[in-house]
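**Student:** got a sequence here, can you build the structure:
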Amino acid sequence: MAKTLAILLVSAFLVPVCLTAAASPRPLVLWHGLGDSYASPGMLEFASMIKNVHPGIFVHSVYIEEELDKDRQAGFYGNVNTQLDLVANQLANILELKDGFDGIGFSQGGQFLRAYVERYNSPPVHNLLTFGSQHMGISDIPTCRPYDFICQAARRATKKAVYSPWAQANLVQAQYFRDPANLETYLTASSFLPSINNEYPQNRNQTYSKNLASLNALVLIMFTQDKTVVPKESAWFGSEVVDSFSSSQRVLRPVSSRFIIPMHLQPLYIEDWIGLRSLDEKGSVIFDTCEGEHMQIGDCWENFVRNWIGNLNLSEPVSHSQVR
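**Tutor:** Just a heads-up that it's a prediction; the model follows:
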């Protein structure tokens, strides 16, 4: 009799906890890459596959424009800082995200989600996964075929204009173009990347470093054969080393033979400008790869989604202290 009474008493305390601890997967926010839109067939299929892995998960795909063609165009044309303000307001008004979410950014969507974490992070991001993202920018545009002189001329013209005020206000790729042979111009003219990488010596934003360091995990995924992102190691916070020529004398090495400064040797990391070192020293920066060229994800996504996305949220977490 006493044993039965004891079981009933324990049950009486446990039942309320069980009733209030309704578990659901942590919601997910996706930000598509260049040339895509928030509700393209590929993005819809990806969201569907995630829902198969994590039944019941809420997935929101970031959009700049609700019309698909206009949203795709916004990946090429627009002011990134203005777009980030729009997205921050968008996320803040989605009830399902109010307690925080995980994020997956594809290509440029990855550094844009990182910028959201640093500048806003309300609601907060828990785990952030970036696929082939240009965290240290791009130091070159995609190369041309041999003897394609028209392409090469257009490429040179584009690079000369990339730091013009018009390009920095209107061309999305220009706003994360980081020419390592012309860093002085990059720092004075570039409107986006130097800010989120806290590269302004007299104006380091401490909020950026605090917010990024608050992540549970930052998972940096590089495509092993990436020829679209130059250098591909930008996905791991790597940047190109330039030969000791002035910018007017610069001779570009072939992509395959460029020297790279890895994340751990970047001033950004060593001096912890954005909280990356603090995050890494907690064991919360994860480097990984997908085999193949840029955004050839294939089945590479699934282990990342199983390991880092959709952890259960509890409305009232169950702990030993609640069993009284």
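**Student:** now the residue minimising distance to the centre of the chain: how far from N216?
**Tutor:** For the chain, G110 is the residue whose C-alpha lies nearest the centre (C-alpha atoms, centre = their mean; 2.3 Å). Separation of G110 from N216 (C-beta to C-beta, to the nearest Å): 17 Å. C-betas here are computed from N, CA, C, even on glycine.
**Student:** the residue nearest to the centre of the chain contacts V125, correct?
**Tutor:** No: using C-beta atoms under 8 Å, G110 is not in contact with V125, being 12.0 Å away.
**Student:** what is in contact with those two at once?
**Tutor:** Counting by C-beta atoms under 8 Å, 6 or more residues apart in numbering, G110 and V125 have no common neighbour.
**Student:** show me where the stretch 1-150 of the chain has strands.
**Tutor:** Assigned by DSSP state E, counting those that start in this stretch, the stretch 1-150 of the chain shows strands spanning 23-25, 28-31, 59-61, 101-106, 125-131.
**Student:** packing partners for the first one?
**Tutor:** Which is strand 23-25. strand 312-314 (3 or more C-beta pairs under 8 Å, 6 or more residues apart in numbering; DSSP states H and E).
**Student:** could you give the average pLDDT over the strand it packs on?
**Tutor:** Throughout strand 312-314, pLDDT has a mean value of 55.
**Student:** shift numbering so it begins at 32
**Tutor:** With the count now opening at 32, the last piece we talked about shows up as strand 343-345.
**Student:** okay, now the nearest residue to Y194 once chain neighbours are set aside: neighbour count?
**Tutor:** With C-beta to C-beta, 6 or more residues apart in numbering as the measure, A220 is the residue that lies nearest to Y194, at 3.9 Å, once sequence neighbours are left out. A220 has 16 neighbours, counted by other C-beta atoms under 10 Å.
**Student:** what of S68?
**Tutor:** When counting by other C-beta under 10 Å, one arrives at 22 neighbours for S68.
**Student:** next: P232.
**Tutor:** So P232, with other C-beta under 10 Å, has 9 neighbours.
**Student:** just for this protein, where's the confidence low?
**Tutor:** Across the chain, the ranges flagged by pLDDT under 70 are 32-53, 173-176, 179, 181-189, 274-289, 343-355.
**Student:** for it, which segments count as helices?
**Tutor:** For the chain, the helices defined by DSSP state H occupy 33-51, 72-84, 99-105, 111-123, 139-150, 180-192, 196-201, 214-220, 224-227, 237-244, 298-301, 307-312, 332-339.
**Student:** mean neighbour count, those: which tops it?
**Tutor:** The highest average neighbour count among the helices of the chain, using mean count of other C-beta atoms under 10 Å, belongs to helix 139-150 at a mean of 24.
**Student:** which other helices and strands does that one contact?
**Tutor:** strand 59-62, helix 111-123, strand 132-137, strand 156-162, helix 224-227, helix 237-244.
**Student:** quick one: closest of these to I88.
**Tutor:** With C-beta to C-beta, the closest approach to I88 among these belongs to strand 59-62: 6.0 Å.
**Student:** who's in contact with that closest one?
**Tutor:** Contact with strand 59-62 is made by 69, 74, 77-78, 81, 88-93, 118, 122, 128, 132-137, 140-141, 143-144, 156, 340-341, as judged by C-beta under 8 Å, 6+ apart.
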